[in-house]
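Chemist: structure of the sequence below:
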Amino acid sequence: MVASNTIITERDHSRFMSLLEGLDRDANARFVFLLDKSGQQIAAAGEMDQVDPTSLASLTAGNVAATEGVAKLVGENGFLTLFHEGKRDSLHISVVADRVILLVVFDERSSLGLVRLRVEQYLEPLSAIVVDMLSRPDGPPAGVGDGQPLGEITEADLDALFGD
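Modeler: Here you go, the predicted structure:
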């Protein structure tokens, strides 16, 4: 999973969104969803209006964790791709850089072959962003708007805010 102290900066999120929007379009998917292995949503693109993203993230992460357990039982280190076919919608799930999960939900407007092809094309750039995030030595650079969650807020500012 993305390490608990890893911060996804605005730049990281923009890069993820650009790729997810491209994958959504190129795979002709209903939506594309990126989450960490703990079940936290990172980014999403597409027709998400009918979906509870919190539940989707949790259940998808649980699905991947369960499948990793099955993989170990049969002597595998893990399975990189999962596929679930339904009557209306199908799911294509990939583990990216062994840290995050990519979920592509598609219907009859697409096909498993097209989704697999497009996911394969997008895995490397998605992995590069994840590796880049994890390779930052002390987190992102300081400053408002570039990933530091509190920017230049001082202890005195926090005391004034909370009345201490």
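
Chemist: what about the strands in the protein?
Modeler: 31-36, 41-46, 81-85, 90-96, 100-106 (DSSP state E).

Chemist: and residue 123, which of those is closest to it?
Modeler: Nearest to residue 123 among the strands of the chain is strand 90-96 (6.2 Å), distances taken as Cβ to Cβ. Every C-beta, even on glycine, is put in place using the N, C-alpha and C of the backbone.

Chemist: residue contacts, the residue sitting nearest the centre point of the chain?
Modeler: Closest to where the C-alpha atoms of the chain average out (Cα atoms, centre = their mean) is residue 34, at 2.3 Å. Contacts for residue 34 were tallied using Cβ atoms under 8 Å, 6 or more residues apart in numbering; they are 16, 20, 41-44, 96, 100-103, 126.

Chemist: beta partners of it?
Modeler: Beta-bridge partners for residue 34, by DSSP bridges, are residue 43, residue 102.

Chemist: how close does it sit to residue 28?
Modeler: 18 Å (Cβ to Cβ, to the nearest Å).

Chemist: ok, now which ones touch residue 74?
Modeler: Counting by Cβ under 8 Å, 6+ apart, residue 74 has no contacts.

Chemist: so it versus residue 68, what's the distance?
Modeler: 11 Å.

Chemist: can you list the low-confidence ranges for this structure?
Modeler: 1-6, 138-155, 157-161, 163-164 (pLDDT under 70).
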